[in-house]
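[1] Sequence isn't available, so here's the structure alone:
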């Protein structure tokens, strides 16, 4: 039970960081292209992971066979998830992205039932729906409603939600086979290689290689990319792998709705937006949904434990 409590705390921290990341992504995109942002983000993440391993007592043993097994997972997260998210945020608002991101628990529930044979109870279905409704209500009251101003941006965010759901499902099995640091470092390495290759290759083709490091001349970009690289990429990868090694994928995915709540709170605190009663009402609905989903899932067992 103590281990499950730690997993839930880790899931909340994960959601908190992800919720703030939308704001920091917007900051980086004011001075850098989406691909450059991703390249710098995972360069920082890889440096952080390497330093952590260097000062850690645990030795990291990764060979090509391990990398081949983890690569399909890395294609989903971080590569597909972050690429689709950042390009989607260029074309749509963070609020619209939050609405679509709330579909992650639904996709996860479907994929987990097909792949992991995790059976959701009727109570879980009700409370997952309640949590999603809480997110949609918050964003609707925030002035977005159901209008989609850019189909391309919305489509990319929807695909990122699908990638996140598939990751939640497939990572569940690998977390039982490899250490958390092995998974985290390998996924970070793949993100670094893919995004830097694409970003630098693009600059070489355009003859603009000198512009690659120009964003670091802006202090706002430096602070934002440090948050995204160390916390939002490296730490969340470790936390999500840890949580998925302890609890079912369907339970983990519901915590993503906390991220949307954090995104709105970040707007209130840092952007000085007004706080209304509907924020409190939506928060209560989301929390009830998360608690209810986990309560009605207590009796479920997982074949990988």
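    Received the coordinates, thanks. Owing to the predicted nature of the structure, the values given are computational and were not obtained by experimental measurement.
[2] List the buried residues of stretch 103-120.
    Going by neighbour count (16 or more other Cβ atoms under 10 Å), the buried part of stretch 103-120 is 103-109, 111-112, 116, 118, 120. C-betas here are computed from N, CA, C, even on glycine.
[3] Figure out how far it is from the centre of its chain.
    Going by Cα atoms, centre = their mean, to the nearest Å, the spacing between the C-alpha centre of stretch 103-120 and its chain's C-alpha centre is 17 Å.
[4] Please tell me how far the residue lying farthest from the centre of the chain sits from residue 263.
    Going by Cα atoms, centre = their mean, the residue of the chain most distant from its centre is residue 207, 33.1 Å out. If you measure residue 207 against residue 263 using Cβ to Cβ, to the nearest Å, the figure is 38 Å.
[5] before we move on, what about residue 90?
    On the measure of Cβ to Cβ, residue 90 and residue 263 end up 17 Å apart.
[6] With neighbour numbers in mind, choose between those two.
    Set side by side, residue 90 and residue 263 give different neighbour counts by other Cβ atoms under 10 Å, the larger being at residue 263 (24 against 16).
[7] I'd say the more buried one and residue 23 touch.
    Yes. With contact defined as Cβ atoms under 8 Å, residue 263 counts as touching residue 23 (7.0 Å).
[8] what sits in contact with each of these two?
    Among the neighbours of residue 263, those also in contact with residue 23 (Cβ atoms under 8 Å, 6 or more residues apart in numbering) are residue 94.
[9] check contacts around residue 63.
    Shown in contact with residue 63 (Cβ under 8 Å, 6+ apart): no residues.
[10] If you could redo that for residue 38, that was the one I meant.
    Under the criterion of Cβ under 8 Å, 6+ apart, the contact partners of residue 38 comprise 82-83, 86, 191, 195, 199.
[11] tell me which of those is nearest to residue 277?
    Top of the list for closeness to residue 277, among the contacts of residue 38 and by Cβ to Cβ, is residue 86 at 33.3 Å.
[12] Spit out the contact partners of the closest one.
    Taking Cβ under 8 Å, 6+ apart as the definition, contacts of residue 86 comprise 25, 29, 34, 37-38.
[13] do that again at 7 Å, thanks
    The contact partners of residue 86, taken as Cβ atoms under 7 Å, 6 or more residues apart in numbering, are 25, 34, 37-38.
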